[in-house]
Structures are given as structure tokens and as C-alpha cells.
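Enquirer: coordinates for the following, if possible.
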Amino acid sequence: MRRIDFVTLRLFVAIADERSLTRAAEREHLALAAVSKRVSDLEGQLGVSLLYRQPKGVELTPAGHALLHHARNLLDNLQQLDADLSEFSQGVKGHVRIHANTSAVIEFLPEDLSVFARRHPEVKIDLEERVSSDTLRALREGLTDIGIFAGHMPAEDLQVFNYREDRLVLVTPREHPLAARDRIALGDAIGFDFIGLQQDASLHALLQQSAQQMGTPLRLRIQVRSFEAICRMIHTGMGVGVLPEQVVRNYLPALDVAIVPLSDPWARRELKIGVRNLDSLSVTARQMLEYLTAREGRGPETAG
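Expert: So this is what the prediction gives:
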């Protein structure tokens, strides 16, 4: 395996795409004899047959399909590596990866990251929107440098810092019986049909837990994958929902919905920033963490 090179892998992918040694040789600008030898050598190194030779071309064996899967991934990763390194040659001097839940991405990060980017134009920022559970998993597996997630999610094995607070509100159609209320507890709305997020969303888990504590399950009529989809379903009268207030206000001008503040204590929700190991962060990631936690005087909550 140590002697397999990227030229041979690229050639094998071409053979799989073209189903022909001749066409693969033309595509990779190699002599047909050289292609045949590379394939034979590769099969010898691996100890398996990779191709079925047929009169009108070739087909992959099961081992060939397995190699193709890994070869494509390796070549894609090589291409991404080349792209990332080329950015450093063009002036990029740092790279930080952030996974964040939808609330943070919509409500706070656009402004925060734009300010950081203006101060540090040489830093590349990779931001991925993920539900809180996926963000925490990415932190634990080392797939992201910084994670932002809902504060009620268990994260005792990570180093956690305060980030922001948001307020959850009940969203109803404009003519709904609850729309005129000044304030409401979830228990007063639980008898109505709800539009909610998918099962793995932290907000969904929070609402389900609160409903279970009251002994009455939520009447989830529809589950969708975005805040915008919830708002649009409510706009059409399909039900009510619980969302971060600032998120709803972003959509209000285009939608016929009403906002009713929730009186439940959990409706004021904290967003947290987590890292796996503060000491192992790159200089760039540490700069980002310090910037995000210092905004408006926010400091570290724990370091355990």
C-alpha cells in the first residue's frame, strides 16, 4: 500500500469513469501499455483483481468498487489540501473552523465575524451551521476548533464559555386566539398544534422536556429543518411554534404572524462557546475565541 501513488489512483478513477483502458489512457495522456502496466502492478500490490476485462471495455470488481470509493475521497482531500495551502501562499496567515447552531448563525455571528474579519483580513474562517448535538460531536471528534451551542446541552467534558443570550417566544398566526396575549406560558399553548424542528435539534429537545414535565405531550403537527420553514408554516395557519425572538423578527416583514413572549424561565436561553482543549488551540483559533467571549464583557464560565 505504501507504494500506491496519486497518479495511479487518478488513473484508476479515470478507468472507472470511462470503463475503458484506452479512453482512460487518452484522458490521462498516457500510453496504453503504461496504463496496463500500472493496473497490473496495482493489482499485484493489493493482491486482488480490480477489473473484469471484457471485449468492449472493463468493469469494476467488488474490490475495484471499494478502491474507487477511497480513491475519490483521497483525491478530493488532496485537491482541498492544495486549495487550502494555495491560500496561504496568497497571504492567508491563519485558519479557524467554527460549528454553530442556527440561532447563533442567524442572530449573532454575521455581525461578530464581519468585525473580526475586518480586523484580521488574513484569517480564513470556515463556518458550518449545525444543530447543537452535531456541534458538540464535532468538538469531541476534533472536527472543529470552536463550537457554539445551546446552553442546556451537556458539555461537562469540554471547556465552555459564555457567548450570548436569546429569548424564546411563541409565534402564532396573526388571527390566532393566542395572538393578542401580552405574555404566555407554554402550558397555556400546549393544547394547540405545533410546528417544530427535527428530532435532533436542541430546541426540539427543550420543548419536549418542558412538555413532559407538565405531563402533556406536544401536539407536533409538522416537523421541518429550519426556522424559516416553521415561520412560513405558521404564516399559513398550520399551527404555532416556539422560536428565538430575533430570528422571527428577521422574517416578520414578509409574514402575517404574531409574537407572544414566553413567561417560562427556560425561555431566556443561553448560548455557549466550547472548545475541546484550550491549550491545544492554534493562535488564530485562540484569537477568535478571545474575541467572541470578550464581546460585551462576556468572560469564561468554566474551564473544565
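Enquirer: tell me which other helices or strands the longest strand seen in the chain touches.
Expert: Assignment by DSSP state E gives strand 159-173 as the longest strand of the chain. Judged by 3 or more Cβ pairs under 8 Å, 6 or more residues apart in numbering; DSSP states H and E, strand 159-173 is in contact with helix 102-107, helix 227-235, strand 241-244, helix 245-251, strand 257-261, strand 268-275, helix 283-294. From N, CA and C alone the C-beta is placed, and that goes for glycine too.
Enquirer: of those, which shows the lowest average pLDDT?
Expert: Mean pLDDT values for the helices and strands packed on strand 159-173 show the minimum at helix 245-251, a mean of 84.
Enquirer: and the contacts of it?
Expert: Here helix 245-251 makes contact (Cβ atoms under 8 Å, 6 or more residues apart in numbering) with 102-103, 106-107, 166-169, 171, 227-228, 231, 257, 259, 261.
Enquirer: buried sites along it?
Expert: 245, 247, 248, 251 (16 or more other Cβ atoms under 10 Å).
Enquirer: identify each buried residue in the longest strand of the chain, please.
Expert: Result for strand 159-173 [16+ other Cβ under 10 Å]: buried residues 159-164, 166, 168-173.
Enquirer: show me the contacts for the nearest residue to residue 190 once chain neighbours are set aside.
Expert: Spatial nearest neighbour of residue 190, chain neighbours left out: residue 216 (5.2 Å); criterion: Cβ to Cβ, 6 or more residues apart in numbering. Residue 216 sits next to 187, 190, 191 when contact means Cβ under 8 Å, 6+ apart.
Enquirer: show me the contacts for the last one.
Expert: When contacts are counted by Cβ under 8 Å, 6+ apart, residue 191 is found next to 216, 219.
Enquirer: just the ones in helices from the contacts of residue 216, please.
Expert: residue 187 (DSSP state H).
Enquirer: can you list the contacts of residue 216 in a markdown table and add distance to residue 34 and pLDDT?
Expert: Shown next, in a markdown table, are the contacts of residue 216 (distance: Cβ to Cβ, whole Å; pLDDT from 0 to 100):
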| residue | distance to residue 34 | pLDDT |
| --- | --- | --- |
| 187 | 75 | 94 |
| 190 | 71 | 92 |
| 191 | 74 | 91 |
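Enquirer: list just the nearest of the contacts of residue 216 to residue 8.
Expert: Closest approach between the contacts of residue 216 and residue 8, by Cβ to Cβ: residue 190, at 62.3 Å.
Enquirer: do I have it right that that closest one meets residue 212?
Expert: No: between residue 190 and residue 212 there is no contact under Cβ atoms under 8 Å: 11.0 Å.
Enquirer: so which of those two has more stuff around it?
Expert: A direct count of neighbours by other Cβ atoms under 10 Å for residue 190 and residue 212 places residue 190 higher, at 18 against 11.
Enquirer: okay, the more buried one and residue 273: tell me how far apart.
Expert: Plainly put, residue 190 is 32 Å away from residue 273 if you go by Cβ to Cβ, to the nearest Å.
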